[in-house]
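Peer 1: Structure, please.
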Amino acid sequence: MNNEKKIKNRIQITIVLPIILALILLGVSIYINGLDTKIGVISVVLLVVYLLIAIIMYFRLSPYYNSVLVEYSLEQGKIQKELLYEMEIPYAILDLSGHVMWSNNMFHDILGISRSKRIRKSVDTYFPEIVPELLDGTESVDINIEYDERKYRVSIKRVDLSKVFNEEKEEEKDDDIVLAMYLFDETDMRRLEQETQDQKLYAGLLYLDNYDEVMDDLEDVKHSILTALVERKINMYLSNIDAIVKHIENDKYFFVFKQKYMQTLRDDKFSILDDVKNINVGNQIAMTLSIGIGSDSNQSNNGYMSAYENARTAIGMAMGRGGDQAAVKMGEQVTYYGGKSAGTEKITRVKARVKAQAFEELLLSKEKVIIMAHKRPDADAFGSAIGIYRLVTAMGKKAYVVVNEVTDAIRPLMSSFKVGNLYDGVFLTSNEAVNQVNKDTVVVVCDVNKPSMTECEELLDLVPTVVVFDHHRQTTEAIKGATLSYIEPFASSACEMIAEMYQYMSKSPKLKLQEADAMYAGILIDTDNFLTKTGVRTFEAASYLRKSGADVTRVRKMFRSSMTEMKERAQGISNAEIYLDHFVISYVDADPDSDDAPTVPVAKAANELLSVENVDASFVVTEADDGILYVSARSIGDINVQIIMERFNGGGHANVAGAQLKDKKKEDFFVELKQVLKEMTEAGDI
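Peer 2: Below you'll find the model as predicted:
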């Protein structure tokens, strides 16, 4: 309507303008008449005639122009309406409640409603994704929906009808608002996009975890049979996803496959892990394998080298978590499958020798070493740190140990180091350690591989050289860029790993009595007096420490329980609750007169609860004054508590794990834990 007024005004100006100009010229002609009468009379007569003709034409044509404008407006409205009705894009006008006020033919056809009928139901009846909350907003909305096996992009725009007729009017709450809704069919485009993505290649690496151990344990005549059966299982499994497989070493395979088969592997939960484990040709040790799969971090590209590097990282993480599992790395996201078993102990010490020699070479060009373990250190953390301290000082280098808090778990050990002044200046707080850093400093992290759980995470960013020694399974959060990393999840403790390394150093360190006691205590506590996660190498390490002066009786006296601790442990047993017939959940309330959380009694209570008949795993918690909930998880048999604790951002081993949760109440944790146990049990993940 506003446009019609503008057009009419412009036409009137066009008609009236000649008349106005004629009147101006008439005045000029009269002036000329005063100068030259003959010429002036002629010009006046001509202008008067022209003016009369213009006036007559104006009054004669004005009604005609109005008629033409009206007819034009009507025809234009009909054309626009017809175009909207026949527009190929489904279009509708909605009120704010989502009811259809008007719609074109294509909109009717998509809903399957006759064009002659009015759509009476609300739009969310047909498209549940278009909830009322979307229509209440003040901005335009674009969402993707599916309807009748077609995929659409829905665009909804707010239109203020009052502003259509009056452009200068401000929008108010009571204005007449309607919603213009468009449906854009993107089915074919998305199909083509998906087909393009499906053709993207994923790289995969498959390693047999314990190939050498199984072959050494098996009769020679059966080697070829076992190898053939394993290779046949692998080839048959990968042929189901149309993969190209290359056998690159005796125990290593490389394969590539299309992305569209990735979901097949996820749904199958990598059943090849169990298929190979079940092969038995007389071997006492089951063959296990690990799989690492990687894709390009940039989803829009198909970078094969990037995919291969991610696959290498993934297989390293799978092996670092104990093997017998698959790790899938897509960009920065890593997903794990399997890992239910505790893994097989490695008999060979080749890795320990290689790491010991590499560490020794690394120290040659450095000046000092700062050693730290995890927060609230236990006996293994303290003992392994002391072991590294003695190893470094034997090479003539300065060494310091970061200890921010002397907990009940290490107080007996720490007391033995305070006798005399031999260790003065060795133990530093985080602030003191930061001040000791220079370009020739090495930071050694022991008994932990998660940066957020170290005594001083800041140190990791201050030095270029970081070394990690740990026996816990790796998680997604790991110390990045470590110059040397020795993570052995099959080891019982970090102290066991350090004791093994001693035997391969060119300058064999001589342990002092209290140092040997600290390392022996680390093994003793982490294995629950050699009852949990104990292998041949564990006893060999303990034997080496015993020869170095560790006294079993002296260590045992250090870790005798106080009456308060015994009561707290008994409380954990008393509060126990059986869940799903095979799990025990309990808690220990901290002593209000104690400054420390009873983490040691909690761990011991969790161990003792495994003695209950039919119990496969135990979970005991305590709340500290600093708002942290400490969880100790233990298992016996096939239950892997490490993957359970990972659900709570924790970690550990298959049989010994834990977590530290901030701002979490035990009641809330128990609810979440029960839900996780139920889900994982039903899915067969534990």
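
Peer 1: nearest residue to residue 600 other than its sequence neighbours?
Peer 2: Counting by CB to CB, 6 or more residues apart in numbering, the nearest residue to residue 600 once its immediate chain neighbours are dropped is residue 409, at 5.2 Å. To be clear about C-beta, it is placed using only N, CA and C from the backbone, and glycine gets the same treatment.

Peer 1: Over to the one you found. Which of the three states is it?
Peer 2: Secondary structure, DSSP: H, G, I helix; E, B strand; the rest coil: residue 409 is coil.

Peer 1: for it, what are its contacts?
Peer 2: Applying CB atoms under 8 Å, 6 or more residues apart in numbering to residue 409 gives the contacts 376, 377, 378, 379, 525, 599, 600.

Peer 1: repeat that for 6 Å
Peer 2: 378, 379, 600 (CB atoms under 6 Å, 6 or more residues apart in numbering).

Peer 1: Among the residues you listed, which one has the most neighbours?
Peer 2: residue 379 (27 neighbours; other CB atoms under 10 Å).

Peer 1: ok, that residue - contacts?
Peer 2: Counted by CB under 6 Å, 6+ apart, residue 379 has contacts 409, 521, 522, 525.

Peer 1: With residue 563 as the reference, measure out to the residue nearest to it when sequence neighbours are not counted.
Peer 2: Distances taken as CB to CB, 6+ apart place residue 525 nearest to residue 379, at 4.2 Å, with adjacent residues excluded. To residue 563, residue 525 is 20 Å away according to CB to CB, to the nearest Å.

Peer 1: What of residue 290?
Peer 2: With distances taken as CB to CB, residue 290 is found 47 Å from residue 563.

Peer 1: And the two? Which one has more around it.
Peer 2: Taking neighbours as other CB under 10 Å, residue 290 and residue 563 compare with residue 290 leading, 26 against 7.

Peer 1: Show the residue spans covered by the strands in the stretch 451-600 of the chain.
Peer 2: Ranges of strands in the stretch 451-600 of the chain, per DSSP state E, counting those that start in this stretch, are 465-470, 484-487, 577-579, 583-588.

Peer 1: confidence score at the residue nearest to residue 379?
Peer 2: On pLDDT, residue 525 comes in at 87.

Peer 1: same thing with residue 100?
Peer 2: If you check residue 100, the pLDDT there is 82.

Peer 1: re earlier: in a markdown table, list the contacts of residue 409 along with pLDDT.
Peer 2: A markdown table is the format used below for the contacts of residue 409 (pLDDT from 0 to 100):
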| residue | pLDDT |
| --- | --- |
| 378 | 89 |
| 379 | 92 |
| 600 | 78 |
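
Peer 1: which residue is nearest the centroid of this protein?
Peer 2: residue 333 (4.9 Å; CA atoms, centre = their mean).

Peer 1: can you tell me which residues contact that residue?
Peer 2: No contacts exist for residue 333 under CB under 6 Å, 6+ apart.

Peer 1: Run through the bridge partners of it.
Peer 2: Residue 333 has these beta-bridge partners by DSSP bridges: residue 330.

Peer 1: I'd like the distance between it and residue 476.
Peer 2: Distance from residue 333 to residue 476, by CB to CB: 8 Å.

Peer 1: what's the answer for residue 517, then?
Peer 2: Following CB to CB, the distance that separates residue 517 from residue 476 is 36 Å.

Peer 1: same deal with residue 267?
Peer 2: Distance of residue 267 to residue 476, given as CB to CB: 22 Å.

Peer 1: So if I had to pick from those two, which one is more boxed in?
Peer 2: residue 476 (16 against 7).

Peer 1: and the closest residue to the more buried one other than its chain neighbours, how many neighbours does it have?
Peer 2: In this structure, residue 476 finds its nearest non-sequential neighbour in residue 334, 4.9 Å apart by CB to CB, 6+ apart. Neighbour count for residue 334, taken as other CB under 10 Å: 21.

Peer 1: From residue 622, how far off is the closest residue in space to residue 610 that isn't next to it in sequence?
Peer 2: Leaving aside its sequence neighbours, residue 610 sits nearest to residue 636 (CB to CB, 6+ apart; 4.8 Å). To residue 622, residue 636 is 22 Å away according to CB to CB.

Peer 1: quick one: which of those two has more around it?
Peer 2: Remark: of residue 636 and residue 622, residue 622 carries more neighbours, 25 against 16, as counted by other CB under 10 Å.

Peer 1: Wasn't that one part of a strand?
Peer 2: Yes - checked against three-state DSSP, residue 622 lies within a strand.

Peer 1: So it versus residue 404, what's the distance?
Peer 2: Residue 622 sits 20 Å away from residue 404, going by CB to CB.

Peer 1: what's the neighbour count on residue 669?
Peer 2: By the measure other CB under 10 Å, the count of residues near residue 669 is 20.

Peer 1: what's across from residue 205 in the sheet?
Peer 2: Beta bridges link residue 205 to residue 254, residue 292, judged by DSSP bridges.

Peer 1: Could you double-check that it sits in contact with residue 294?
Peer 2: No - using CB atoms under 6 Å, residue 205 makes no contact with residue 294, being 8.4 Å away.

Peer 1: what is in contact with those two at once?
Peer 2: With CB under 6 Å, 6+ apart, residue 205 and residue 294 have common neighbours residue 311.

Peer 1: Compare the two (neighbour count), which wins?
Peer 2: Neighbour count, other CB under 10 Å: between residue 205 and residue 294, residue 294 has more, with 25 against 22.

Peer 1: Shouldn't that one be within a strand?
Peer 2: Yes - residue state for residue 294 (three-state DSSP) corresponds to a strand.

Peer 1: That one contacts residue 312, correct?
Peer 2: No - counting by CB under 6 Å, residue 294 does not reach residue 312; the two are 7.3 Å apart.

Peer 1: what's next to stretch 209-218, contact-wise?
Peer 2: 223, 251, 283, 284, 285, 287, 288, 290, 323, 344, 347.

Peer 1: burial count for the residue nearest to residue 379?
Peer 2: 22.

Peer 1: swap in the one 10 residues further on?
Peer 2: Here the count is done by other CB under 10 Å, and residue 535 has 17 residues near it.

Peer 1: same check, this time on residue 488
Peer 2: 22.

Peer 1: For it, give me the pLDDT.
Peer 2: So residue 488 comes in at 85 (pLDDT).

Peer 1: gap between it and residue 390?
Peer 2: In terms of CB to CB, residue 488 sits 20 Å off from residue 390.

Peer 1: likewise residue 220?
Peer 2: From residue 220 over to residue 390 the distance is 43 Å, taken as CB to CB.

Peer 1: again, but for residue 378
Peer 2: Distance of residue 378 to residue 390, given as CB to CB: 19 Å.

Peer 1: With residue 419 instead?
Peer 2: Distance from residue 419 to residue 390, counting by CB to CB: 17 Å.

Peer 1: Looking at those two, which is more packed in?
Peer 2: Between residue 419 and residue 390, counting by other CB under 10 Å, residue 390 is the more crowded of the two (20 against 9).

Peer 1: nearest residue to the more buried one other than its sequence neighbours?
Peer 2: residue 509 (4.9 Å).

Peer 1: And the pLDDT at the one you found?
Peer 2: What the model reports for residue 509 is a pLDDT of 84.

Peer 1: Now for it: which residues touch it?
Peer 2: The contact partners of residue 509, taken as CB under 6 Å, 6+ apart, are 390, 391, 394, 502.

Peer 1: what about the helices in the stretch 451-600 of the chain?
Peer 2: Using DSSP state H, counting those that start in this stretch, the helices of the stretch 451-600 of the chain run over 458-462, 494-502, 513-526, 536-547, 552-558, 563-574, 599-609.
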